[in-house]
Structure formats: structure tokens, C-alpha cells
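> coords below, sequence missing:
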Ligand code: K1U
Ligand code: ZN
């Protein structure tokens, strides 16, 4: 297993649109293992392949405190969504920034698991938020893009300042 490098906003590669996985292979499962190790080490509750510069429709999530409920989503499709909720979100690609975003409250998603087997999941609460955040990554969208342009430019300035300080 290996720790992967996580791209940081405003890296342009975070805006690439992920392609569907044609066949789920050992290579796919090896990438998933590395993504899980990277997510748990960060630590985070989700990670999309886009964030580790792999532009394939794969993301993982584990919102359990024990880190023992890893869920793998390959070629995810949003089947339905309802309701609205506001939730404070973070992102491993935008470290140190937490902002409130409006999301759908309940969703139904279909995807393939790590063995290529189709499944359907109904999610609500924080898991639903996390899945929507990760599906956005696969579409090249970072959560800060839901914020006002003033907030986005403040976040970019904060990141630039931090980068200058760490040079
Ligand atoms: O996709 C990512 O960047 C991961 C992100 C997922 C996420 C968090 C919150 C709302 C929506 C999506 C994170 O995991 S940020 C880190 C975080 O929220 C967290 C870290 C450790 C324990 C609990 C939460
Ligand atoms: Zn993120």
C-alpha cells in the first residue's frame, strides 16, 4: 500500500472530469487500497480519485469513528434526491477551510462496488452530504465553488499566504 499525494485547490487538475471505469480490475482495487490508506491517514471521511490525480469515476467514504465501514463507489449515478440541508464541509484538497454548503437531504445512488458488482444505496444526513461532495469532485467541482466569489477570493488569498509562509 502507498500514501498518495492529494492535489490542493486551486490546482487546475481538480477541475478535470473523471471518465467511467470500463472494467474493475486488480489495478482498480490496488488504487482503492491506496486511496483508503491516504484518506485514513489524512484523516478524512471521503476521497475521490480526482483528488489523487486519477481521473476515473471512483470515490470512497467511511464516516464511522472506528474506520471500519469503508464504502467504495465506482461509476456512481445519482438516481434521485430530495429535501435540502445545510452542513459544514471540509475538503482534503482545501486544508483548513470549513464552510457551510446547501445540499440535498436524501439521495439514492447506484454504483459498482470494488468487485464490479452493482448496488443501490439510500443515504441521508452526513453520509448523503459526503457522497454529494465526492461526486462533485468527479465532475471537477470543489465545494468552495458553491460560495460567493468574495469568499472564494478570500480562501485563495489565505491559501497563497500559507504557501508563502511555508516556503
Ligand atoms: O473529499 C474530501 O476532500 C474529503 C472530505 C469529505 C467531506 C467532509 C465533510 C463534509 C463533506 C465531505 C473530508 O473528509 S474533510 C475532513 C473531515 O471532514 C473530517 C476529518 C476527520 C474526522 C471527521 C471529519
Ligand atoms: Zn473534497
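That came in fine, so what should we check first? Everything numeric in this text was worked out from a predicted model, so none of it was measured. Ligands and ions are numbered 1, 2, ... in the order given.
> what ranges does this protein have for its helices?
For the chain, the helices defined by DSSP state H cover 26-41, 125-138, 149-165.
> pull the residues that contact the first one.
The list of residues contacting helix 26-41 from outside it, by Cβ atoms under 8 Å, 6 or more residues apart in numbering, reads 1-4, 6, 21, 45-47, 49, 52, 54, 56, 58, 60, 62, 67, 70, 72, 74, 92, 114. In short, each C-beta sits where N, CA and C put it, glycine included.
> if we check ligand 1, which of the residues you listed are in contact?
The subset of those lying close to ligand 1, counting by Cβ under 6 Å from any ligand atom, consists of 45-47, 92.
> ranking these by neighbours, who comes first?
residue 47 (27 neighbours; other Cβ atoms under 10 Å).
> next, count neighbours for the closest residue to it other than its chain neighbours.
Closest residue to residue 47 apart from its sequence neighbours, by Cβ to Cβ, 6 or more residues apart in numbering: residue 39 at 4.1 Å. Neighbours of residue 39 under the rule other Cβ under 10 Å: 25.
> let me know the pLDDT of residue 39.
Note on residue 39: pLDDT of 98.
> tell me the spacing between it and ligand 1.
The spacing between residue 39 and ligand 1, counted by Cβ to the nearest ligand atom, to the nearest Å, is 7 Å.
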